[in-house]
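Peer 1: Generate coordinates for the sequence data below:
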Amino acid sequence: MRIIDDMPIFGTHDDNTIAQLTDVAAHADHVALMADGHLGYIMPVGGVAAYRNKASVAGVGFDIACGNAAIQTNLEYADIAERRTELADAIWDAVSFGIGRNNESDDAPTDDPLFGDPAWEAIPGTHERDKLKARARNQLGTVGSGNHYVDVFEDERGLVWVGVHFGSRGFGWNVAMGFMALSQDEPWGQRVREAEALLDLDTPMGDAYWQLMTLAGRYAYVGREWVARKVVELLGGEEIQLVHNHHNFAWKEEHLNTLTGEYEEFVVVRKGATPAFSGQRGFVGGSMGDDAVIIEGSHDIGALETQQLALFSTVHGAGRVMSRTEARGKINRKTGEIKKPGKVSAEMMAEWIRRKDVVLRGGGLDESPHAYRRLPDVLAEQGETIEVLHTLRPVIVVMAGADEFDPFKD
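Peer 2: From the prediction side, this is the model:
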């Protein structure tokens with residue numbers, strides 16, 4: 001970890017990413033950048049920012065409450081090894097992947113109590129509210145596209161885990177866009193330029209955003225847990241433990257003010273960063289052909305100062321080393337014609353997956369392991385702030401197909 005202009009920086013990053021963090025720091029009380037960070041919208045992915053009673057709409061992002069859930073099952077890998085192809089197909093058939101998809105399962109959680117939450121009233125206008133609630137009800141428990149996935153893993157003991165990664169889907173996206181529009185004096189639902197919106201939580205707009213952001217977090221938790229448990233059921237297993245966390249969200253937390261030596265409440269925005277207080281567990285993915293991990297915030301008192309500088313945060317994944325366009329090339333979305341080849345070929349991706357012995361369904365070149373850093377490297381750059389409890393080797397990976405475009409990805 002190094003300090004650049006009073007900003008704690010883990011890992012190595014390009015000048016544009018550092019400059020973007022510097023812009024955020026001009027309005028925040030404290031910022032930090034995790035080792036998997038890269039350029040994002042307004043605020044870098046992997047960025048963490050603390051504010052006094054304010055929330056950043058752009059910081060939380062468009063995929064509000066994107067996060068990870070992992071379930072350890074009672075199964076051993078030997079119990080599923082011969083059925084991997086069959087199980088991959090079953091997951092693909094049972095779970096909805098891709099843009100605009102509805103959850104078609106007979107046991108979809110459409111009657112979850114969250115739909116009675118009074119926070120829905122914060123959406124302006126009955127028509128907009130009813131439309132968004134209906135859409136959210138239909139999409140709950142769908143995975144989406146981009147880098148969102150369902151994985152089956154084997155840990156170092158030979159035990160089977162199920163891991164998922166996605167957020168609040170179209171509901172969260174509409175909330176983010178709605179408040180970005182309102183902050184620019186435009187009506188809810190109007191498409192506006194992406195710009196920073198720092199909302200004071202004591203104002204009606206800020207309070208409404210906080211209510212709906214919190215509701216989106218609840219929505220994402222229900223969706224991820226439904227999908228993960230559905231897959232455990234398909235495997236024929238039982239749940240032993242659940243590790244679950246957002247990494248695009250804002251929390252009210254107590255942190256040390258290094259100037260006064262006193263603890264104060266801050267609104268901490270993590271955009272592609274995992275909360276990692278001492279003893280807090282998290283699930284961090286690698287890529288479709290790399291290991292994932294179950295981590296825990298360090299208990300070591302010697303790590304406390306660095307943990308405080310990081311606002312008790314860590315990486316949320318391996319981090320990209322090339323953009324989606326760089327990886328897959330430029331493609332005409334209407335015709336499928338490749339206008340400019342990318343850096344990753346289908347043969348390269350297939351060879352990586354074959355070598356790692358992963359059964360893959362879906363997945364595009366922009367999600368190939370070549371487009372990502374190696375997770376052990378970024379974990380090492382986070383230093384002693386976290387401990388790895390379990391290493392998870394992917395044996396089944398299911399994602400949306402290569403031709404799916406998804407505006408709700410993180």
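
Peer 1: can you give me the helices for the stretch 51-200 of the chain?
Peer 2: Along the stretch 51-200 of the chain, counting by DSSP state H, counting those that start in this stretch, helices occupy 57-60, 84-94, 126-139, 169-183.

Peer 1: shaky segments in the protein?
Peer 2: Applying pLDDT under 70 to the chain flags the ranges 333-336, 402-410.

Peer 1: max-length helix in it?
Peer 2: The longest helix of the chain (DSSP state H) is helix 204-235.

Peer 1: What residues of it count as buried?
Peer 2: Buried residues in helix 204-235, defined by neighbour count with 16 or more other CB atoms under 10 Å: 206, 208-232, 234-235. Placement of C-beta: from N, CA and C, glycine included.

Peer 1: hmm, what's the outermost residue in this structure?
Peer 2: Largest separation from the mean C-alpha position in the chain: T260, at 33.7 Å (CA atoms, centre = their mean).

Peer 1: Please list all residues in contact with it.
Peer 2: For T260, the contact set (CB atoms under 8 Å, 6 or more residues apart in numbering) is empty.

Peer 1: Phi and psi next, for it.
Peer 2: Taking degrees, to the nearest 10, you get phi -100, psi -20 for the backbone angles of T260.

Peer 1: ranges for the strands of the stretch 201-350 of the chain?
Peer 2: Ranges of strands in the stretch 201-350 of the chain, per DSSP state E, counting those that start in this stretch, are 239-246, 248-257, 262-271, 273-275, 281-284, 292-297, 313-315, 329-331, 338-341.

Peer 1: again but with the stretch 51-200 of the chain, I slipped
Peer 2: Along the stretch 51-200 of the chain, counting by DSSP E, counting those that start in this stretch, strands occupy 54-56, 67-76, 149-155, 159-166, 198-200.

Peer 1: got a list of what V231 touches?
Peer 2: I91, A94, V95, V150, V152, V162, V164.

Peer 1: Which residue, other than its chain neighbours, is closest to the fifth one?
Peer 2: Leaving out its chain neighbours, the residue that sits closest to V152 by CB to CB, 6 or more residues apart in numbering is I396, at 3.9 Å.

Peer 1: number of nearby residues for the one you found?
Peer 2: Neighbour count for I396, taken as other CB atoms under 10 Å: 26.

Peer 1: Then it would be within a helix, right?
Peer 2: No. Read with DSSP: H, G, I helix; E, B strand; the rest coil, I396 is strand and lies in no helix.

Peer 1: contacting residues around it?
Peer 2: If you count contacts by CB under 8 Å, 6+ apart, I396 has them with R84, L87, A88, I91, D151, V152, V358, V359, R361.

Peer 1: same thing but 6 Å
Peer 2: R84, A88, V152, V359 (CB atoms under 6 Å, 6 or more residues apart in numbering).

Peer 1: Quick check: the first one touching V358?
Peer 2: No. Contact criterion CB atoms under 6 Å: R84 and V358 do not qualify, at 9.1 Å.

Peer 1: neighbour count winner among these two?
Peer 2: Each of R84 and V358 has its neighbours counted (other CB under 10 Å); V358 has more, 22 against 16.

Peer 1: isn't the more buried one right next to V397, touching?
Peer 2: Yes. At 5.5 Å, V358 counts as touching V397 under the criterion of CB under 6 Å.

Peer 1: ok, L33 to P8 distance?
Peer 2: Note on L33: its distance to P8, by CB to CB, to the nearest Å, is 7 Å.

Peer 1: Give me the more crowded residue out of the two.
Peer 2: L33 (30 against 20).

Peer 1: related to what we said a few turns ago, which of the contacts of V231 lies closest to I80?
Peer 2: V152 (7.3 Å; CB to CB).

Peer 1: so what's that closest one up against?
Peer 2: Counting by CB under 6 Å, 6+ apart, V152 touches V162, V395, I396.

Peer 1: what bridges to it?
Peer 2: Counting by DSSP bridges, V152 forms beta bridges with V162, I396.

Peer 1: What count of nearby residues applies to L140?
Peer 2: 24.

Peer 1: meant to ask about D377
Peer 2: Neighbours of D377 (other CB under 10 Å): 14.

Peer 1: Next one: it from D6, what distance?
Peer 2: Applying CB to CB to D377 and D6 gives a distance of 26 Å.

Peer 1: got it, and F153?
Peer 2: 39 Å.

Peer 1: Which one's more surrounded, those two?
Peer 2: F153 (26 against 8).

Peer 1: Quick check: closest non-adjacent residue to the more buried one.
Peer 2: In space, F153 is closest to L392, 3.6 Å off (CB to CB, 6+ apart).

Peer 1: follow-up on the earlier one: how distant is the longest helix of the chain from the center of its chain?
Peer 2: 12 Å (CA atoms, centre = their mean, to the nearest Å).
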